[in-house]
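> turn this into a structure:
(2 chains)
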Amino acid sequence: MNTEIPVEQTQSCSVQEIMAVFLARDLVDGEQLQVGVGLPVPEAAVRLAHLMHGPNMELIFLGARMNVAHLDSIPLPQFGWDRRVVRWAESYSDTGHRFDHVNDWAKRVFFVGGIQVDPQGNTNLIGIGEDHRRLKFRGPGSVGTPTLTTHVGRYYIVLNTHTARTFVPKCDFISTVGWGDGDPNARSKLGLPGGGPRYCVTPLCVMDFTESPKRLRLRSVHPGVCVDEVRDHTGFDLVIPDEVPITALPTPAELTVLRERVDPGGLLRSPN
Amino acid sequence: MASLSLRRERIISEHDAVGCIADGMTIAIGEPHPMALVRHIIRRGLRNLTVIGSGLALDILIAAGCVRKVISYYAGGGYWVPVAPAFRRAAEAGLIEVWECEEGILTSGLEAAGKGLPFLPWRGGVGTSLPQVNPDLKVFSDPINGETLIAVPAIIPDVTLLHAAESDAYGNVRHCGGPGWIDLFLHRAARRTIVQVEKVISNEEIRSNPWATTINSGVDICRMPYGAHPFYSRGYYVQDKPLVAEYFSAANVGGAELGHFLDTYCREPQSHAEYLTAIGIKRLLDLHEY
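Predicted coordinates for the structure are as follows:
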């Protein structure tokens, strides 16, 4: 299925660059793009979108809100609370006031990671195990993801790995509700006003959701990845259409902006 | 006529500041982290604390064995480690209890305390596992529209410890360029607040711009230049990246290596001044902001 992709083309960019470009193209000018800490792919994606086609986008990191379309480069942060991330902020908001204007969040876009994802796009940052008091793996905690995913117009699930341990039939704990039990009305029944997850992007592929019931479906595989590989690394029956396209490669113009103005340090090209 | 007696100054020593914390209390740690007072807590060997906090300050207190219960929405190590190492180890071993929450839930609980309410409602977390793994969070039907919400009980720190830019001698505090990420919520919820500051300024300077005062009165002040080190202090210095990396590296290994780190940086220096001497003037001066 993937044999038509020229080798030299797939070797010219990293899978994380492909993920970032896919996400960037899906972002619309005028949107507010909020990214949490430690997610280099979405951080690169929002910067790339801002520089390529989104002069009216607002980037939101760690309570700092900014429009930096006028800058030559907006490099990725190299460490936690890197002041270079927020020195161009036009406003700051402290933790207790970030959620004071959720009636304005229809145009806000968010990105969430997870240590587990289930077929309905529910995700887990709490931990793995049966007993919350004695977890086998203790996660970092929910941060602000429950509130953000409750209210934002849409969000993306972005993972650094794609394994059967990550994509599980049922999350041990749920920190963000995707489509709940899969009912297309699950979110409105719970009173969650936001639009829910749109895509799930991993180093192997892009997934979207079927309409009813809501369930993860393979949308495209990245160059060099075959459908069976995705199936083998997913711990539940992924919906797989007859035709699965290849995720589009970055254009030379996108790669130039990404490498020269967003990621000059090569974070997306270094091994995980 | 001016008052015949003098207004009381509120500057106290680090020893007296930490002296008001007892084993088993609930303490809240602001951000930027008041690391000098955190190190003093470790030196004193306090035990069984409930800690409201995040990041490095939370993890190092757990590493030093001071903590029994954690109230936190995020115990990660930023770009260094996905999960704070001492937190992860202690939680998996069942040595600490985790009061599971998220940002909006924590600030709702703090705000309830500040407003003198038994709880405040919150929506973020409805449909998640949070109310199951944290039975203090009560799912209820609101009496106005019948919507499903979470009642977050008031969270009341016995002592809140903060780091800020400056203050006068009477406890009028200024953060540099904003109020701190969660500091005002922690302060308003607490029974007592102690703020360590980079410098003490005159009362006249405070009066020249009252809007800039972020915390007004009722708090005690510790004068601690470079007191957030190895964390950042806005307007003064950036993080000491190698030292933070050294901590997370030692914490990942645990055991003797972590013990050595704690001894070197927390237990052996007998005061904040001794700590700064051990770090060295060149290293500190290299941490300018831009």
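
> helices of the chain, start to end?
If you meant another chain, say so; for now it's chain A. Secondary structure of chain A (DSSP state H): helices at A:7-11, A:15-26, A:40-52, A:83-86, A:145-151, A:186-190, A:227-232, A:252-257.

> the intended chain is chain B.
B:14-19, B:35-44, B:55-63, B:85-92, B:103-114, B:130-133, B:183-189, B:203-208, B:241-253, B:255-262, B:272-279, B:281-285.

> in a markdown table: those helices, plus mean pLDDT.
Shown next, in a markdown table, are these (pLDDT from 0 to 100):
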| stretch | mean pLDDT |
| --- | --- |
| helix B:14-19 | 97 |
| helix B:35-44 | 98 |
| helix B:55-63 | 95 |
| helix B:85-92 | 97 |
| helix B:103-114 | 97 |
| helix B:130-133 | 98 |
| helix B:183-189 | 95 |
| helix B:203-208 | 96 |
| helix B:241-253 | 94 |
| helix B:255-262 | 98 |
| helix B:272-279 | 98 |
| helix B:281-285 | 95 |
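
> and those: which comes nearest A:A253?
Between A:A253 and those, the tightest spacing by C-beta to C-beta is seen for helix B:241-253, at 34.0 Å. For glycine as for every other residue, the C-beta is placed from the backbone atoms N, C-alpha and C.

> isn't B:S217 right up against B:D168?
No: using C-beta atoms under 8 Å, B:S217 makes no contact with B:D168, being 10.2 Å away.

> and those two? Which one has more around it.
B:D168 (22 against 10; other C-beta atoms under 10 Å in any protein chain shown).

> confirm for me that the more buried one is in contact with B:I201.
Yes: B:D168 lies in contact with B:I201 (C-beta under 8 Å); the separation is 5.8 Å.

> so which residues on the stretch 151-272 of chain A come close to chain B?
Counting by C-beta under 8 Å from any C-beta of the partner chain, the residues of the stretch 151-272 of chain A close to chain B are A:H151, A:F173, A:I174, A:S175, A:T176, A:V177, A:G180, A:L190, A:G191, A:L192.

> which non-adjacent residue is nearest the residue of the stretch 101-250 of chain A found nearest chain B?
Proximity to chain B, evaluated over the stretch 101-250 of chain A using C-beta to the nearest C-beta, is greatest for A:T147 at 2.7 Å. Distances taken as C-beta to C-beta, 6 or more residues apart in numbering or on different chains place B:G124 nearest to A:T147, at 2.7 Å, with adjacent residues excluded.

> okay, and the beta partners of the residue nearest to the spatial centre of chain A?
For chain A, A:V158 is the residue whose C-alpha lies nearest the centre (C-alpha atoms, centre = their mean; 3.2 Å). On the basis of DSSP bridges, A:V158 is bridged to A:V201.

> that one contacts A:M19, correct?
Yes: with contacts counted by C-beta under 8 Å, A:V158 reaches A:M19, the gap being 7.2 Å.

> any residues in contact with both of those two?
A:V41, A:V201, A:T202 (C-beta atoms under 8 Å, 6 or more residues apart in numbering or on different chains).

> for the stretch 51-200 of chain A, what spans make up the strands?
Counting by DSSP state E, counting those that start in this stretch, the stretch 51-200 of chain A has these strands, from start to end: A:58-61, A:64-66, A:91-92, A:108-112, A:116-117, A:123-124, A:127-128, A:137-138, A:154-158, A:197-201.

> worst average pLDDT in those?
Mean pLDDT across those is lowest at strand A:91-92; the value there is a mean of 82.

> could you list the paired strands of that strand along with their orientation?
Counting by DSSP bridges, strand A:91-92 is paired with strand A:64-66 (antiparallel).

> and which of the residues of the stretch 151-272 of chain A next to chain B is nearest A:M52?
The nearest member of these to A:M52, counting by C-beta to C-beta, is A:H151 at 27.0 Å.

> how many residues are close by that closest one?
23.

> verify the contact between it and A:P193 for me.
Yes: counting by C-beta under 8 Å, A:H151 does reach A:P193; the two are 5.9 Å apart.

> burial measure for A:T145, as a count.
Counted with other C-beta under 10 Å, A:T145 comes out at 27.

> which ones are touching the residue nearest to A:T147?
Here B:G124 is in contact with A:F99, A:G144, A:P146, A:T147, A:L148, A:T150, A:H151, B:E102, B:G104, B:I105 (C-beta under 8 Å, 6+ apart).

> cool, and B:I96?
By C-beta under 8 Å, 6+ apart, the neighbours of B:I96 are B:I62, B:V67, B:R68, B:K69, B:V70, B:F87, B:A90.

> out of those, which are buried?
B:I62, B:V67, B:R68, B:V70, B:F87, B:A90 (16 or more other C-beta atoms under 10 Å in any protein chain shown).

> among those, which one lies nearest to chain A?
B:F87 (7.0 Å).

> confidence score at the residue lying closest to that closest one once chain neighbours are set aside?
Once flanking residues are discounted, B:F87 sits nearest to B:A75: 4.3 Å by C-beta to C-beta, 6+ apart. pLDDT for B:A75: 91.

> over to B:A75: give its phi and psi.
phi -120, psi 60 (degrees, to the nearest 10).

> hmm, back to that, quick check, nearest of the shared contacts of A:V158 and A:M19 to A:G114?
A:T202 (10.8 Å).

> next, count neighbours for the closest one.
A count of nearby residues for A:T202, using other C-beta under 10 Å, gives 25.

> from what I can see it touches A:T161, true?
Yes: under the criterion of C-beta under 8 Å, A:T202 lies in contact with A:T161, with a separation of 7.3 Å.

> low-scoring pLDDT stretches of the stretch 51-200 of chain B, where are they?
B:79, B:177-178 (pLDDT under 70).

> which parts of it are strands?
With DSSP E, counting those that start in this stretch as the criterion, the stretch 51-200 of chain B has strands spanning B:67-72, B:97-100, B:119-122, B:138-141, B:148-153, B:159-167, B:172-174, B:192-200.

> now the nearest residue to A:A89 once chain neighbours are set aside, which residues is it bridged with?
Among residues not flanking A:A89 along the chain, A:A64 sits closest, at 3.7 Å (C-beta to C-beta, 6+ apart). Applying DSSP bridges to A:A64 gives these bridge partners: A:F61, A:Y92.

> neighbours of the residue nearest to A:L33 when sequence neighbours are not counted, how many?
Counting by C-beta to C-beta, 6+ apart, A:V46 is the residue found nearest to A:L33 once chain neighbours are left out, at 4.1 Å. Close neighbours of A:V46, defined as other C-beta under 10 Å, add up to 28.

> who touches A:V46 in this structure?
A:L23, A:A24, A:L27, A:L33, A:V35, A:M57, A:L59.

> of these, which is the nearest to chain B?
Nearest to chain B among the contacts of A:V46, with distances taken as C-beta to the nearest C-beta, is A:V35, at 13.1 Å.

> so what sits opposite the closest one in the bridge?
A:F61.

> so how far is B:A250 from it?
Here A:V35 is placed at a distance of 29 Å from B:A250 (C-beta to C-beta, to the nearest Å).

> picking that back up, surely the residue nearest to B:F87 touches B:I60?
No: checked against C-beta under 8 Å, the pair B:A75 and B:I60 is beyond contact range at 11.9 Å.
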